[in-house]
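Q: okay, structure incoming, though there's no sequence with it:
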């Protein structure tokens with residue numbers, strides 16, 4: 001997550017053992033990672049464990065960020081920032097074959113809101129070193145993509161979309177491995193509905 005107060009936050013990563021004892025903790029901002037910018041609005045939105053480390057999805061200096069930490073020490077292995085459009089961030093990650101697929105948002109209108117930034121849904125395909133191969137707008141389906149999972153070579157993404165009544169609906173999207181839509185479903189009532197998590 002984060003430590004500090006928006007907009008001057010630092011990404012906070014904490015590792016504990018099976019008994020809840022602290023193994024290590026790391027606070028990260030542009031100053032610690034070598035990324036450019038003034039060191040503001042750093043978000044740690046989710047973490048994904050891999051065989052050789054931890055991948056953190058978030059933002060550094062209001063740009064989407066992917067950080068890999070060493071499992072044993074918590075030291076950064078690499079830090080990658082991607083300017084995907086306006087104020088943007090990655091919310092979640094999944095490993096799909098040799099690629100990392102990240103989802104989040106671009107062009108945030110509410111720049112200081114970490115829960116719903118009123119942006120445009122976005123998905124990026126990254127290599128194992130965090131370099132972006134390609135990106136795809138999800139704005140026709142979602143205003144903010146929160147979670148992604150891989151199922152039978154398809155990508156399942158959950159998040160939020162504007163309804164016809166200008167309210168927020170809970171939305172689930174299924175894409176093929178190239179990012180093309182298979183189906184989309186929206187759920188909700190007459191007021192704002194939020195989807196912050198997902199499991200299969």
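A: Good, I have the coordinates. Fair warning: this is a prediction, and the values are worked out from it, not measured in the lab.
Q: going forward, measure contacts between C-alpha atoms and count neighbours the same way
A: Noted.
Q: so after the helix or strand hosting residue 57, what's the next helix or strand?
A: Using DSSP states H and E, residue 57 falls within strand 53-60. Sequence order places strand 63-70 as the next helix or strand after strand 53-60, per DSSP H and E.
Q: so which bits of that next one are buried?
A: By 16 or more other CA atoms under 10 Å, the buried positions in strand 63-70 come out as 63-69.
Q: ditto for stretch 89-106
A: Applying a neighbour-count criterion of 16+ other CA under 10 Å, one finds 89-96, 99-106 buried in stretch 89-106.
Q: what's the closest of the buried residues of strand 63-70 to residue 154?
A: Nearest to residue 154 out of the buried residues of strand 63-70 is residue 66 (CA to CA; 22.1 Å).
Q: and the next element down the chain from the least confident helix or strand in the chain by mean pLDDT?
A: Lowest by mean pLDDT, DSSP states H and E among the helices and strands of the chain is helix 30-33, with a mean of 63. For helix 30-33, the following helix or strand on the C-terminal side (DSSP H and E) is strand 43-50.
Q: averaged pLDDT, that following strand. What do you get?
A: Across strand 43-50, pLDDT averages out at 94.
Q: on that earlier part again, which other residues reach the strand holding residue 57?
A: Residues outside strand 53-60 that contact it (CA atoms under 8 Å, 6 or more residues apart in numbering): 29-30, 35, 39-49, 64-71, 81, 88-93, 102.
Q: so where does the residue nearest to the spatial centre of the chain fall, helix or strand?
A: Nearest to the mean C-alpha position of the chain, by CA atoms, centre = their mean, lies residue 91 at 1.7 Å. In this assignment (DSSP H and E), residue 91 forms part of strand 89-96.
Q: kindly report the same for residue 109.
A: Using DSSP H and E, residue 109 falls outside every helix and strand.
Q: which ones are touching the residue lying closest to it once chain neighbours are set aside?
A: Counting by CA to CA, 6 or more residues apart in numbering, residue 109 lies nearest to residue 118, which is 5.3 Å off, once chain neighbours are set aside. Neighbour list for residue 118: 108-110, 143-144 [criterion: CA under 8 Å, 6+ apart].
Q: poorly predicted segments of the chain, please.
A: When residues are selected by pLDDT under 70, those of the chain lie in 30-39, 114.
Q: let's see it at 80
A: 6-7, 29-40, 110-117, 163-166 (pLDDT under 80).
Q: so residue 4 sits against residue 10, correct?
A: Yes. Contact criterion CA atoms under 8 Å: residue 4 and residue 10 qualify, at 6.5 Å.
Q: hang on, residue 147 packs against residue 174?
A: No. Residue 147 is beyond contact range of residue 174, at 11.9 Å (criterion: CA under 8 Å).
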